[in-house]
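**Q** Got a sequence here, can you model it:
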Amino acid sequence: MGTPVGEPRTSLPAHVLAALPAGGTAEPRARPPRRPWVARTGVCAGTVAAWAGALVLLLAGAVGPALTCGLAALALTVRSVAPVCLGRRVVAVTVHGESMRPTYRDGDRVLARRSRTPRPGQVVVIERPTAGACWSTPPVRRTAGASAIADRRWLIKRVVAVEGDPIPRDRVPGMADSATGLVPPGSLVLLGDNPVNSLDSQLVGYFPAERVLGTVWRSLPH
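**A** This next block holds a predicted model:
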């Protein structure tokens, strides 16, 4: 749409997360919704034909029809390009599982902005770690599209602490220590809102901030 912490399933604009239960938590895997190739080809062919028609009409001196055809071509172009641009800035996520109750319940949908600089208290979509609480592949690029995201597995969790914050031992007693007693650079402490049913920093430890896909921005209607 690898290993994150949370329970989402993306659906809009171009990502879908399918949850896989493991250890009492939802472990989603992102998959882009697939349009039939016939539909994609039809939109592209229609766009090219509309622009070509507008040019032919303009050369023939038919300014009015050329303008009408050009507007249709522009609309088709926007329809083709806008989802791609939007998908690189915003991800729609469907929460799947119980680890974020009561804030988010199974089936709730949220929008996440593509950002890797969350603040404590915010909810993030982050790549799930593999066995051994590590990540075997490079982080997804900030400009990555649906296909790159679809190849990874994702979680949704709340940020408890970011780099430079005191290590929150009152909430996560087992966190590894540091020389300064602060969260190490480039690291996050994450918890599910339902921590008894959540794969988070209680089990994984620190999460790399570079593995964050986005920060939850708002809820969507069902």
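**Q** so where is this protein shaky, pLDDT-wise?
**A** Where the chain drops to pLDDT under 70, the residues are 1-44, 46, 50-51, 70, 73-88.
**Q** how near is the residue nearest in space to the middle of it to residue 164?
**A** In the chain, the centroid-proximal residue (CA atoms, centre = their mean) is residue 91; its distance is 4.4 Å. Distance of residue 91 to residue 164, computed by CB to CB, to the nearest Å: 27 Å. (Each C-beta comes from the backbone N, C-alpha and C, glycine too.)
**Q** and what of residue 218?
**A** Residue 218 is 28 Å from residue 164, by CB to CB.
**Q** Neighbour count for these two, which is higher?
**A** residue 164 (11 against 8; other CB atoms under 10 Å).
**Q** Number of residues surrounding the closest residue to that one other than its chain neighbours?
**A** Spatial nearest neighbour of residue 164, chain neighbours left out: residue 182 (5.6 Å); criterion: CB to CB, 6 or more residues apart in numbering. As a burial measure, residue 182 scores 14 neighbours (other CB under 10 Å).
**Q** Please name the bridge partners of residue 182.
**A** residue 166 (DSSP bridges).
**Q** Was I right to think residue 212 contacts residue 116?
**A** Yes: proximity of residue 212 to residue 116 meets the contact threshold set by CB atoms under 8 Å, at 4.6 Å.
**Q** Can you get me the start-to-end distance on stretch 203-219?
**A** For stretch 203-219, the separation between the terminal residues is 28 Å (CA to CA, to the nearest Å).
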